[in-house]
Every structure is written in C-alpha cells, then in structure tokens.
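Trainee: build me a model:
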Amino acid sequence: MFIRCYGKVAATPYTMPYTGAKVYSLEELCYYIGNNIYTITEDFFTKSLVVWLRDEADQRVLSNKLETMITNKNKLKDLVVTILCACDYYKEHEIRELMRVIDDIVSLPLHEKSKIRADNYMRAGLYAKSAAAYRKLLTGAYAVNFTPEAYGNILHNLGIAQFYTASFEAAERDFKEAYARNHSAESLHHYLYLLLMQGRNQDFERECIEHGMNTAQLEAIRERFKDVKSKVQVRTIDDEEIDKYKEELRKAAGSAI
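Mentor: As a prediction, this is how the structure comes out:
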C-alpha cells in the first residue's frame, strides 16, 4: 500500500515491538496504529519509539512531548491521540472513531485486557512470557470469566507457546483439551499434526476415526504433513536444524491466535 509522506522518511525504520512490522515515517506510524488499534497498549509507547521519532523521523517536538507523557504515565488515549494529531494522515472524524475504539478497549474487563497482553507477547515471539500469561489466565481468578470456547482458544494459544518452550507432548495436551472446549478444526488439526510429529501413527489414525474423518480426509492430512516434512532436510541434530524443522511443521499446522 502506498502512503503519502509529508514528513521525513527515516533511513532506519522503527520496528514494532509485537509484530516486527517496520515503519519509516510518522505517517506510516499513524497508519500502523490505526490499523492495529486493538493491539495497542501502554507498552507500545517505549523509550525506543521516543528516540526513533527524535533521531530518525525528525520529530523532536513530538518526541519530547511523548517522553514527558510516558514519564507522567498519561492514559493510553492521550498517547495515541498525540501521535495521530502530529500529522494529517487521519481526518478528524477518523481520529474520533479511533478514540471511541480505545474507550471500548479501556472499558474492557481485566481478564480481556490480560488476554490482549498475552496475545501481544505471542505476536512478538516472546513465547515463554506468553505461556506464563496464558497459564495465569487459565488457572487464576480470571478463568471463570471465559466461556468454554474462549477458554479453549486460550488453551490453543498456550499450545503454540508450549510448542516453542516446552515439548511436543505438552503442546499436544493443550491442543487436545482446546478442541474439547472450542470444537475448532484448527485446534484439532494442530493436535493431529503433533501426533504425526512424534511418530504416533496408530494414535493419529485412531483419533482421526474417532473424530469422524473418512479415509480420504485422514490421508489428506498425512500427505500434507509429509509434503512439509520432505522439504526439510535434517542432516545433523543441531539447534539450527531443529528450529528450522519445527518452524516448517508449525506452518503446516496453521497460525496462532
């Protein structure tokens, strides 16, 4: 997408803390905030953003103002509107609408805000932090606030985090329990792929049959798994190869969140 920039285009981009997306100008920063408003929290406004605005985007006045607001622990709405009003990327009515969305986010119950924070850790690849946050949601006082489906979705995300930080077995258990609660095909497929990853072919076939899959569906899942596996040549058992192998198989299973 083409974004018209009237301010300086930075030589060095700013990398977003959660998604890894890169922006090169104040206008691109505004576009990113507007299009990811549900993931923006106070944690988004960091010292590194202040420095980038000052040194790379040539926004010294905005940088100084934002730094003061962060120090004074201003509200999220104030931080967002300060950046959005620093250029003319959004029209006034669009900024008002984004402020309405922020009001909705701020009014969310604590368990929903905690879920957003955990999801942001996941997006940033901070799997250990996301796993800890998801466990707290599942076992703490907030757990009673989630519907069975929502609880299952959190278990699904915990499974993704466990995949990276714990073991296939731990992730498998999470995906299996997630499916029992949310009845999501994605959770079921993650569970089945993990059975194949562990070489548990008989368990895989039994589970497919128990979940009403016919032979064609079973073989389709198996073939998809084999296709991905064949693209990864694991020649030595070193960390780099294992990480590559896990990443390819993760892609076969689908995406998180």
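
Trainee: all helices for the stretch 101-250 of the chain, in order.
Mentor: 110-123, 127-139, 148-165, 168-182, 185-197, 201-210, 215-230, 239-253 (DSSP state H, counting those that start in this stretch).

Trainee: CA atoms only: put the fifth one into PDB for me.
Mentor: So that's helix 185-197. Only the C-alpha atoms of helix 185-197 are listed here, as PDB (Å, rounded to 0.1, in the frame of the first residue of the first chain):
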ATOM      1  CA  ALA A 185     -11.000 -27.600  13.400                       C
ATOM      2  CA  GLU A 186      -7.700 -25.600  13.800                       C
ATOM      3  CA  SER A 187      -7.100 -26.900  17.300                       C
ATOM      4  CA  LEU A 188      -7.900 -30.500  16.200                       C
ATOM      5  CA  HIS A 189      -5.500 -30.300  13.200                       C
ATOM      6  CA  HIS A 190      -2.700 -28.900  15.500                       C
ATOM      7  CA  TYR A 191      -3.300 -31.900  17.800                       C
ATOM      8  CA  LEU A 192      -3.200 -34.400  14.900                       C
ATOM      9  CA  TYR A 193      -0.100 -32.900  13.400                       C
ATOM     10  CA  LEU A 194       1.700 -33.200  16.700                       C
ATOM     11  CA  LEU A 195       0.800 -36.900  16.900                       C
ATOM     12  CA  LEU A 196       2.500 -37.300  13.500                       C
ATOM     13  CA  MET A 197       5.500 -35.200  14.600                       C
END
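
Trainee: tell me the angle that helix makes with helix 148-165.
Mentor: In terms of direction (axes from the mean of the first three to the mean of the last three Cα atoms, to 10 degrees), helix 185-197 departs from helix 148-165 by 30 degrees.

Trainee: what residue lies at the spatial centre of the protein?
Mentor: A centroid search over the chain (Cα atoms, centre = their mean) returns Arg123, at 2.6 Å, as the residue closest to the centre.

Trainee: find the nearest non-adjacent residue to that residue, please.
Mentor: Excluding the flanking residues, the one nearest Arg123 by Cβ to Cβ, 6 or more residues apart in numbering is Tyr18, at 4.4 Å. Just so you know, the C-beta spots here come from the backbone N, C-alpha and C atoms, and that holds for glycine as well.

Trainee: and Leu196, by the same measure?
Mentor: Phe225 (4.9 Å).

Trainee: what's the neighbour count on Thr68?
Mentor: 11 (other Cβ atoms under 10 Å).

Trainee: returning to that earlier point: from Thr71, how far out is the residue nearest to Leu196?
Mentor: Counting by Cβ to Cβ, to the nearest Å, the separation of Phe225 from Thr71 is 52 Å.

Trainee: between those two, which has more neighbouring residues?
Mentor: Legend: neighbour count by other Cβ under 10 Å for Phe225 and Thr71, higher for Phe225 (19 against 9).

Trainee: do I have it right that that one meets His190?
Mentor: No: at 11.8 Å, Phe225 does not count as touching His190 under the criterion of Cβ atoms under 8 Å.

Trainee: which residue ranges form the strands in the stretch 1-150 of the chain?
Mentor: Assigned by DSSP state E, counting those that start in this stretch, the strands in the stretch 1-150 of the chain fall at 14-15, 22-23.

Trainee: Cys30: which of these is closest?
Mentor: With Cβ to Cβ, the closest approach to Cys30 among these belongs to strand 22-23: 9.0 Å.

Trainee: just checking, what packs against the closest one?
Mentor: Secondary-structure packing of strand 22-23 (3 or more Cβ pairs under 8 Å, 6 or more residues apart in numbering; DSSP states H and E): strand 14-15, helix 26-35.

Trainee: partner strands of that strand, with direction?
Mentor: Using DSSP bridges, strand 22-23 pairs in its sheet with strand 14-15 (antiparallel).

Trainee: now the partner strand: mean pLDDT?
Mentor: For strand 14-15, mean pLDDT rounds to 94.

Trainee: for stretch 68-86, same thing?
Mentor: 94.
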